[in-house]
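> Build the 3D model from these lines:
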Amino acid sequence: MKMVNFIFALLGPSGCSKTTLIRVVVGRLHPESGTVVVLGKSPHCYGHGVPGKLIGYMPQELALYRECTIAEQLFFYGRLTEMDQPKIKQRIKFLTHLLDLPHRDRMITTLSGGQQRRISFAVALIHEPKLLILDEPTVGVDPVLRK
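Numbers count the residues shown, from 1 in each chain. This next block holds a predicted model:
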């Protein structure tokens, strides 16, 4: 069964291993037993793109290079997924408008926690992934922007 344009939520109390399951799905952890299939293959399967360019992943903890500007951050992650520069520039412009990002030349260290979360979201979206996985995406985001 092909599933396109679906939204799923993984709900549970704190400490019930939701983040651990997400890390297995995105290929950051190997399961101790059982099988995980993502986009038709097991994560870590050579050439699959998981982890990699098929998945956009926004972890619960910030995973940003604090010594970079917003533009450098997005260019870095765009190049990791083999995007060309014109496409990256186009996506930065689009995501800046969509997510109300600060000016592209701002340093990550000068941003508020909520702004950094939005940059992390932009990183997950920069390469237009087939699967988007967000772990606690609204933590630290301004209530107005949560909508």
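
> Please spell out which residues along the longest helix anywhere in the chain are buried.
As assigned by DSSP state H, the longest helix anywhere in the chain is helix 85-99. Buried residues in helix 85-99, counted by 16 or more other CB atoms under 10 Å: 88-89, 91-92, 95-96. Yep, even glycine has a C-beta here, placed from its N, CA and C like the rest.

> Repeat that for stretch 15-32.
Neighbour counts over stretch 15-32 (16+ other CB under 10 Å) mark 18-19, 21-27 as buried.

> Likewise for stretch 122-139?
122-127, 129, 133-135, 137.

> ok, and what's touching that stretch?
Identification of contacts with stretch 122-139 by CB atoms under 8 Å, 6 or more residues apart in numbering yields 18-19, 22, 25-26, 38-39, 50, 53-60, 63-64, 73-74, 77-78, 81, 83, 88, 91-92, 95-96, 99, 101, 117, 121, 146.

> contact partners of the one helix or strand Phe76 maps to?
In the assignment (DSSP states H and E), Phe76 maps to helix 70-80. Under the criterion CB under 8 Å, 6+ apart, residues 53, 64-65, 68, 85, 87-88, 91-92, 95, 101-106, 108, 111, 119, 122-123, 126-127 lie in contact with helix 70-80.

> Go again with 6 Å.
For helix 70-80, contacts defined as CB atoms under 6 Å, 6 or more residues apart in numbering pick out 88, 92, 104, 106, 119, 123, 126.

> Enumerate every residue touching the fifth one.
Taking CB under 6 Å, 6+ apart as the criterion, Ile119 is in contact with Ile70.

> Against Thr110, how distant is it?
For Ile119, the distance to Thr110 equals 12 Å [CB to CB, to the nearest Å].

> Spit out the contact partners of Arg106.
Arg106 touches Ile70, counting by CB under 6 Å, 6+ apart.
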